[in-house]
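S.K.: Fold the following, please.
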Amino acid sequence: MPVGWALAVVVIAVALLVLAVLMLGVLRQVAPLLEAVNAQLEAVSAQVGASPGHRSRMRLPGLTVGNALPPFTARDAQGKVTNDNLRGRSVILAFLSAGCRPCQLIAGQLAAEGTGDLTGRLLVVTAEGEPAALGLPPDVPTLIEDNHEVSEALTLLGTPFAIAVDAEGTVRGMTVPNTCADLAQLAALLG
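M.R.: Modelled structure (predicted):
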């Protein structure tokens, strides 16, 4: 092999070796970032993107399946309601908002079909004026939260969101519902 070709092969080999060392250095710096991003994606998925089949993995600060429902205060037609007022009955707390398209669909189903299997268990939590804006029928029990106080007390990230709470006040499941059927699946956790 002529000297020119041998020199070219050596130069290319050295360049590839330098490139490999640089790539390893970049990968060592990027790996912790990728792990942090993956952890954040898993946390967000568990909080807001989990489907009903993933209820048991959901975790929100202050709201965990198996733990007591954190304290909150809202009001209904009769006056002040707290989480202590719910003890002794199993309920589904469905957080809905008129500005939320999935919430509007759920409210439309409730208006068209009624509460069905959810009768006596469903409590819609929303803001002042929202029941009418959502088109909820008057027979759907509603809790009004002022300034999103209940959502903040439970550290919810948005609507729609639903929580199954047993008669002892323990959170049995959570989901981001798209239909009344999702609420019914959540209610099934309560027996």
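S.K.: Can you verify my assumption that Leu86 contacts Val165?
M.R.: Yes. With contact defined as C-beta atoms under 8 Å, Leu86 counts as touching Val165 (6.4 Å). In short, each C-beta sits where N, CA and C put it, glycine included.
S.K.: more neighbours, these two?
M.R.: Val165 (24 against 19; other C-beta atoms under 10 Å).
S.K.: Which is the succeeding secondary structure element to the helix or strand bottoming out on mean pLDDT in the chain?
M.R.: Ranked by mean pLDDT, DSSP states H and E, the weakest helix or strand in the chain is strand 59-60, scoring a mean of 55. Following strand 59-60 in sequence order, the next helix or strand is strand 63-64 (DSSP states H and E).
S.K.: looking just at contacts, which helices and strands does that following strand meet?
M.R.: strand 171-175 (3 or more C-beta pairs under 8 Å, 6 or more residues apart in numbering; DSSP states H and E).
S.K.: as a whole number, average confidence for the strand it packs on?
M.R.: Per-residue pLDDT values over strand 171-175 give a mean of 91.
S.K.: helices and strands around that strand, which ones?
M.R.: strand 63-64, strand 161-165, helix 180-188.
S.K.: Turn these into a markdown table, columns for distance to Gly25.
M.R.: Formatted as a markdown table, the helices and strands packed on strand 171-175 follow (distance: least, C-beta to C-beta, whole Å):
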| stretch | distance to Gly25 |
| --- | --- |
| strand 63-64 | 41 |
| strand 161-165 | 44 |
| helix 180-188 | 48 |
